[in-house]
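*Asks:* would you be able to build a 3D model of this:
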Amino acid sequence: MIRFDGDFVIRSRGEAEAILEECGFLPFFSNRVPGFSLEEHIDRRLWFTDEEGPWEWKGPIIRQTGCAYGKFFEHRAVYVSRRFFPDLANFRRDGYDFDARYDDGLASRGDRDLYELLSAAAPVLSKTLKEKAGYTRSGKSGFETRITRLQAQCYVLISDFVYETSRSGRTFGWGLAQYSTPEVFFGPSFRGEVYRREPEESRERILDHLSRLLPYAGRADLEKLIR
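*Replies:* Numbering: from 1, shown residues only. Here you go, the predicted structure:
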(Lines give C-alpha, C1' and ligand atoms only; values in the text may rest on other atoms or scores of the structure.)
Protein backbone atom coordinates (compact mmCIF):
# COMPACT_ATOMS: atom_id res chain seq x y z
CA MET A 1 0.00 0.00 0.00
CA ILE A 2 1.25 3.48 -0.87
CA ARG A 3 2.74 5.57 1.94
CA PHE A 4 1.43 9.13 1.93
CA ASP A 5 4.37 10.29 4.01
CA GLY A 6 6.65 9.19 1.16
CA ASP A 7 8.13 11.38 -1.55
CA PHE A 8 6.10 10.54 -4.65
CA VAL A 9 4.60 12.67 -7.41
CA ILE A 10 1.27 12.22 -9.19
CA ARG A 11 1.68 13.16 -12.83
CA SER A 12 -1.50 11.91 -14.45
CA ARG A 13 -5.18 11.31 -13.84
CA GLY A 14 -4.59 7.58 -14.20
CA GLU A 15 -2.11 7.66 -11.32
CA ALA A 16 -4.61 9.53 -9.14
CA GLU A 17 -7.31 6.98 -9.98
CA ALA A 18 -5.00 4.08 -9.15
CA ILE A 19 -4.17 5.61 -5.74
CA LEU A 20 -7.86 6.15 -5.00
CA GLU A 21 -8.72 2.57 -5.94
CA GLU A 22 -5.87 1.21 -3.82
CA CYS A 23 -6.38 3.42 -0.79
CA GLY A 24 -10.12 4.06 -0.79
CA PHE A 25 -9.79 7.71 0.31
CA LEU A 26 -8.03 10.58 -1.45
CA PRO A 27 -8.54 14.09 -0.04
CA PHE A 28 -8.18 16.82 -2.64
CA PHE A 29 -6.62 19.40 -0.33
CA SER A 30 -4.10 19.14 2.49
CA ASN A 31 -5.56 18.47 5.92
CA ARG A 32 -4.59 17.63 9.50
CA VAL A 33 -2.73 14.47 8.36
CA PRO A 34 0.48 15.56 6.56
CA GLY A 35 0.88 14.16 3.08
CA PHE A 36 -2.63 12.71 2.88
CA SER A 37 -3.88 14.62 -0.15
CA LEU A 38 -3.72 14.99 -3.89
CA GLU A 39 -2.62 18.61 -3.42
CA GLU A 40 0.60 17.63 -1.63
CA HIS A 41 1.72 15.09 -4.22
CA ILE A 42 0.56 16.53 -7.54
CA ASP A 43 3.16 17.61 -10.08
CA ARG A 44 3.27 21.38 -9.48
CA ARG A 45 3.36 22.06 -13.21
CA LEU A 46 -0.19 20.72 -13.53
CA TRP A 47 -1.96 23.16 -11.21
CA PHE A 48 -2.48 26.12 -13.51
CA THR A 49 -1.40 25.36 -17.05
CA ASP A 50 -3.02 24.78 -20.42
CA GLU A 51 -2.71 21.05 -19.76
CA GLU A 52 -5.45 19.19 -17.95
CA GLY A 53 -4.69 19.04 -14.26
CA PRO A 54 -6.36 18.20 -10.94
CA TRP A 55 -9.18 20.74 -11.41
CA GLU A 56 -10.13 19.21 -14.75
CA TRP A 57 -9.68 15.62 -13.52
CA LYS A 58 -12.48 15.78 -10.97
CA GLY A 59 -15.37 14.86 -13.25
CA PRO A 60 -13.44 12.18 -15.19
CA ILE A 61 -12.19 10.56 -11.96
CA ILE A 62 -15.76 10.35 -10.64
CA ARG A 63 -17.00 8.87 -13.93
CA GLN A 64 -14.11 6.45 -14.40
CA THR A 65 -13.96 5.05 -10.87
CA GLY A 66 -17.59 5.45 -9.79
CA CYS A 67 -16.38 7.05 -6.55
CA ALA A 68 -18.18 9.49 -4.29
CA TYR A 69 -16.83 13.04 -4.23
CA GLY A 70 -17.81 15.79 -1.86
CA LYS A 71 -16.95 17.77 1.26
CA PHE A 72 -16.72 14.74 3.52
CA PHE A 73 -13.68 15.50 5.72
CA GLU A 74 -13.88 18.68 7.82
CA HIS A 75 -15.80 20.50 5.08
CA ARG A 76 -13.10 19.73 2.51
CA ALA A 77 -13.40 17.74 -0.69
CA VAL A 78 -12.50 14.04 -0.71
CA TYR A 79 -12.72 11.21 -3.22
CA VAL A 80 -14.11 8.08 -1.52
CA SER A 81 -14.16 4.78 -3.36
CA ARG A 82 -17.37 2.84 -3.89
CA ARG A 83 -15.96 0.20 -1.53
CA PHE A 84 -15.79 2.53 1.51
CA PHE A 85 -18.53 5.08 0.96
CA PRO A 86 -21.42 2.98 2.36
CA ASP A 87 -19.59 2.70 5.69
CA LEU A 88 -18.80 6.41 5.74
CA ALA A 89 -22.44 7.24 4.96
CA ASN A 90 -23.73 4.85 7.60
CA PHE A 91 -21.49 6.36 10.27
CA ARG A 92 -22.20 9.97 9.31
CA ARG A 93 -25.95 9.39 9.05
CA ASP A 94 -25.87 7.52 12.36
CA GLY A 95 -28.18 4.94 10.84
CA TYR A 96 -30.86 7.49 9.86
CA ASP A 97 -32.33 7.98 6.42
CA PHE A 98 -33.12 11.64 5.89
CA ASP A 99 -36.85 11.42 6.62
CA ALA A 100 -36.20 9.73 9.96
CA ARG A 101 -33.56 12.34 10.80
CA TYR A 102 -36.03 15.14 10.16
CA ASP A 103 -38.86 13.40 12.04
CA ASP A 104 -36.60 13.07 15.09
CA GLY A 105 -35.80 16.78 15.01
CA LEU A 106 -32.19 16.28 13.89
CA ALA A 107 -32.48 18.27 10.65
CA SER A 108 -33.85 21.73 10.02
CA ARG A 109 -36.77 22.49 7.74
CA GLY A 110 -34.45 24.43 5.44
CA ASP A 111 -32.16 21.42 5.07
CA ARG A 112 -35.16 19.17 4.47
CA ASP A 113 -36.56 21.45 1.76
CA LEU A 114 -33.22 21.61 -0.06
CA TYR A 115 -32.66 17.87 0.26
CA GLU A 116 -36.13 16.99 -1.03
CA LEU A 117 -35.76 19.36 -3.98
CA LEU A 118 -32.33 17.97 -4.82
CA SER A 119 -33.43 14.37 -4.40
CA ALA A 120 -36.39 14.83 -6.75
CA ALA A 121 -34.28 16.56 -9.43
CA ALA A 122 -31.01 14.58 -9.09
CA PRO A 123 -28.65 14.80 -10.81
CA VAL A 124 -28.94 18.59 -10.85
CA LEU A 125 -26.44 21.39 -11.51
CA SER A 126 -25.64 23.69 -8.60
CA LYS A 127 -26.84 26.71 -10.58
CA THR A 128 -30.18 25.08 -11.35
CA LEU A 129 -30.61 23.87 -7.76
CA LYS A 130 -30.00 27.37 -6.40
CA GLU A 131 -32.60 28.78 -8.79
CA LYS A 132 -35.19 26.12 -7.93
CA ALA A 133 -34.62 26.63 -4.20
CA GLY A 134 -34.89 30.40 -4.46
CA TYR A 135 -31.31 31.23 -3.49
CA THR A 136 -30.77 33.49 -6.50
CA ARG A 137 -33.54 35.92 -5.64
CA SER A 138 -35.08 37.81 -2.71
CA GLY A 139 -31.79 37.86 -0.81
CA LYS A 140 -32.18 34.28 0.40
CA SER A 141 -28.86 33.03 1.75
CA GLY A 142 -27.37 29.93 3.29
CA PHE A 143 -27.12 27.62 0.28
CA GLU A 144 -23.43 26.80 0.73
CA THR A 145 -23.88 26.11 4.43
CA ARG A 146 -26.79 23.74 3.82
CA ILE A 147 -25.28 21.89 0.86
CA THR A 148 -22.00 21.47 2.74
CA ARG A 149 -23.82 20.07 5.78
CA LEU A 150 -25.77 17.61 3.61
CA GLN A 151 -22.49 16.43 2.09
CA ALA A 152 -20.88 16.06 5.52
CA GLN A 153 -23.84 13.91 6.57
CA CYS A 154 -23.42 11.90 3.32
CA TYR A 155 -26.95 12.53 2.08
CA VAL A 156 -25.57 14.46 -0.90
CA LEU A 157 -22.52 14.08 -3.12
CA ILE A 158 -21.10 15.65 -6.27
CA SER A 159 -21.74 13.30 -9.17
CA ASP A 160 -19.93 15.23 -11.92
CA PHE A 161 -18.63 18.59 -13.07
CA VAL A 162 -20.15 20.14 -16.18
CA TYR A 163 -18.40 22.77 -18.30
CA GLU A 164 -20.03 25.40 -20.44
CA THR A 165 -19.19 25.23 -24.13
CA SER A 166 -18.62 27.89 -26.76
CA ARG A 167 -20.26 27.90 -30.18
CA SER A 168 -17.20 26.14 -31.53
CA GLY A 169 -17.66 23.35 -29.00
CA ARG A 170 -14.73 24.28 -26.75
CA THR A 171 -15.25 24.08 -23.00
CA PHE A 172 -14.45 27.10 -20.86
CA GLY A 173 -14.62 28.40 -17.31
CA TRP A 174 -14.83 26.43 -14.08
CA GLY A 175 -16.77 23.20 -14.00
CA LEU A 176 -20.22 23.49 -12.42
CA ALA A 177 -20.87 20.96 -9.68
CA GLN A 178 -23.65 18.48 -10.39
CA TYR A 179 -25.30 17.25 -7.19
CA SER A 180 -26.99 13.96 -6.53
CA THR A 181 -27.86 11.68 -3.66
CA PRO A 182 -25.91 8.45 -3.10
CA GLU A 183 -29.16 6.54 -3.56
CA VAL A 184 -29.58 7.97 -7.07
CA PHE A 185 -25.90 7.98 -8.00
CA PHE A 186 -25.08 4.42 -6.90
CA GLY A 187 -28.49 2.93 -7.58
CA PRO A 188 -30.63 0.40 -5.69
CA SER A 189 -27.67 -1.61 -4.40
CA PHE A 190 -26.61 1.30 -2.18
CA ARG A 191 -29.85 1.15 -0.21
CA GLY A 192 -29.08 -2.42 0.73
CA GLU A 193 -25.52 -1.64 1.82
CA VAL A 194 -25.60 1.63 3.70
CA TYR A 195 -27.43 0.50 6.87
CA ARG A 196 -26.37 -3.14 7.04
CA ARG A 197 -23.98 -2.51 9.96
CA GLU A 198 -24.28 -0.57 13.17
CA PRO A 199 -22.88 2.97 12.70
CA GLU A 200 -20.16 2.34 15.29
CA GLU A 201 -19.02 -0.76 13.39
CA SER A 202 -18.72 1.30 10.22
CA ARG A 203 -16.73 3.92 12.11
CA GLU A 204 -14.28 1.31 13.40
CA ARG A 205 -13.88 -0.25 9.96
CA ILE A 206 -12.90 3.13 8.52
CA LEU A 207 -10.56 3.98 11.39
CA ASP A 208 -8.86 0.59 11.20
CA HIS A 209 -8.34 1.04 7.47
CA LEU A 210 -6.99 4.59 7.84
CA SER A 211 -4.69 3.46 10.65
CA ARG A 212 -3.13 0.90 8.30
CA LEU A 213 -3.02 3.40 5.43
CA LEU A 214 -1.54 6.18 7.55
CA PRO A 215 0.52 4.46 10.29
CA TYR A 216 2.36 7.70 11.08
CA ALA A 217 -0.90 9.55 11.90
CA GLY A 218 -2.21 9.74 15.44
CA ARG A 219 -5.50 8.03 16.23
CA ALA A 220 -6.92 11.30 17.56
CA ASP A 221 -6.28 13.08 14.25
CA LEU A 222 -7.90 10.26 12.28
CA GLU A 223 -10.94 10.39 14.55
CA LYS A 224 -11.24 14.15 14.03
CA LEU A 225 -10.82 13.72 10.28
CA ILE A 226 -13.80 11.39 9.91
CA ARG A 227 -15.93 12.86 12.71
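
*Asks:* what's the average pLDDT for the helix ranked longest in the chain?
*Replies:* Taking DSSP state H as the criterion, the chain has its longest helix at helix 199-213. When pLDDT is averaged over helix 199-213, the result is 97.

*Asks:* now do the helices in this protein.
*Replies:* Secondary structure of the chain (DSSP H): helices at 13-23, 54-65, 85-93, 98-103, 109-121, 126-133, 143-152, 182-186, 188-193, 199-213, 219-226.

*Asks:* quick check, central residue of the protein?
*Replies:* Gly70 (2.0 Å; C-alpha atoms, centre = their mean).

*Asks:* residues in contact with it?
*Replies:* Ala77, Val78, Gln151, Cys154, Val156, Leu157, Ile158 (C-beta atoms under 8 Å, 6 or more residues apart in numbering). Just so you know, the C-beta spots here come from the backbone N, C-alpha and C atoms, and that holds for glycine as well.

*Asks:* the second one touches Gly24, doesn't it?
*Replies:* No. Taking C-beta atoms under 8 Å as the definition, Val78 is not a contact partner of Gly24, at 10.4 Å.

*Asks:* between these two, who's got more neighbours?
*Replies:* Using other C-beta atoms under 10 Å as the criterion, Val78 and Gly24 rank with Val78 on top: 26 against 21.

*Asks:* give me the pLDDT for the more buried one.
*Replies:* Note for Val78: predicted pLDDT of 98.
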